[in-house]
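Engineer: No letters, just coordinates:
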């Protein structure tokens, strides 16, 4: 119950400072991350999680699934089609370049062998839908950039998973056929679409129907069906979540609308609890023992790789410079990377602790940097609009 009490008190603090956070660089995400660090293993030791605790692993998995499901609802087929000319550039060009650039830094600067470097590059290449949602919610930012970041973050988690599974198998000397993760990805998308479509059509039939009081739970039931079925069938749960969310939004806007507020609040609670738990894993002693090359790797992975990759990916797209800067900067690392890093540390992979600490360093820096700059970027667009007006 100690974790519950601390989470409750931190949640109260977050609620009471939310108005200030909305108007400043103060970030609720950073508040929970810092609270976890202070009360966790590194300082007060109020509760003792470790990276191999299944509770922490599954909490990050559930959080990521919930975020992808609600973000999928925010996208919809129409938004997916409209944003695709930019999204395919970010996923087809930017994502592989980010993976390769991070792997090169991990090898040449952090000193990891090439196989482990590629694994770390795959872990840190997807953008995080939780932190991207901070900029997606800023209405001052042009819609095409918000859609680009939302759809990109919704898809790249599941797209990098097959690569991570293959590389993780190689580091454990367990051959994983490339076709199996790809098949799991396709089946995950099919499962998400089919489960959402069938459930909504069943509710809309002449026999069945949900009352207004129970209608928000229809979205919950779809999410739980997709989540549990994904793990039972061994398919890609993250692509299934995003596909299910898009299907709900496209097939039944009414179900999306009824689920929206409840789903957003549930996702927010999971996100904050996961941030608190992840913060408690941060060890000051471990961070202080990391060599200077680890911090150089962190800085370059954060501020150089994503912008350079997006510069190539979006070349010739005709985006104004401010929109390009926004897309290039908001490549945050968060729950998806944390989930994959925790999978590595619970495996028998070689150099697993080194991979985990390097990933954790980048994730921590990214949460602080990206969740504290969304307001600043929104102000840039407001000032730009005022100058043009």
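Structural biologist: That came through fine. All figures in this text were calculated on a predicted structure; none of them were measured in a lab. Numbering: from 1, shown residues only.
Engineer: hey, where'd the helices end up in the stretch 1-150 of the chain?
Structural biologist: 2-16, 18-23, 28-39, 54-89, 95-108, 114-124, 129-136, 143-171 (DSSP state H, counting those that start in this stretch).
Engineer: Which of these has the lowest mean pLDDT?
Structural biologist: Note on these: lowest mean pLDDT is at helix 129-136, with a mean of 61.
Engineer: Switch the helices of the stretch 1-150 of the chain over to JSON lines; also include distance to residue 290 and mean neighbour count.
Structural biologist: In short, each C-beta sits where N, CA and C put it, glycine included. Below are the helices of the stretch 1-150 of the chain laid out as JSON lines (distance: least, C-beta to C-beta, whole Å; neighbours: other C-beta atoms under 10 Å):
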{"stretch": "helix 2-16", "distance to residue 290": "27", "mean neighbour count": "14"}
{"stretch": "helix 18-23", "distance to residue 290": "30", "mean neighbour count": "11"}
{"stretch": "helix 28-39", "distance to residue 290": "16", "mean neighbour count": "22"}
{"stretch": "helix 54-89", "distance to residue 290": "21", "mean neighbour count": "21"}
{"stretch": "helix 95-108", "distance to residue 290": "13", "mean neighbour count": "21"}
{"stretch": "helix 114-124", "distance to residue 290": "14", "mean neighbour count": "25"}
{"stretch": "helix 129-136", "distance to residue 290": "23", "mean neighbour count": "27"}
{"stretch": "helix 143-171", "distance to residue 290": "21", "mean neighbour count": "23"}
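Engineer: Now the residue most central in space within the chain. Nearest residue, chain neighbours left out?
Structural biologist: With distances taken as C-alpha atoms, centre = their mean, the residue of the chain nearest its centroid is residue 128 (2.7 Å). In this structure, residue 128 finds its nearest non-sequential neighbour in residue 334, 3.0 Å apart by C-beta to C-beta, 6 or more residues apart in numbering.
Engineer: Tell me the spacing between that neighbour and residue 166.
Structural biologist: 23 Å (C-beta to C-beta, to the nearest Å).
Engineer: quick one: residue 232 from residue 194, how far?
Structural biologist: 15 Å.
Engineer: nope, residue 267 is what I meant
Structural biologist: Separation of residue 267 from residue 194 (C-beta to C-beta): 23 Å.
Engineer: So the two - more neighbours on which side?
Structural biologist: Per other C-beta atoms under 10 Å, whichever of residue 267 and residue 194 has more neighbours is residue 267, with 23 against 16.
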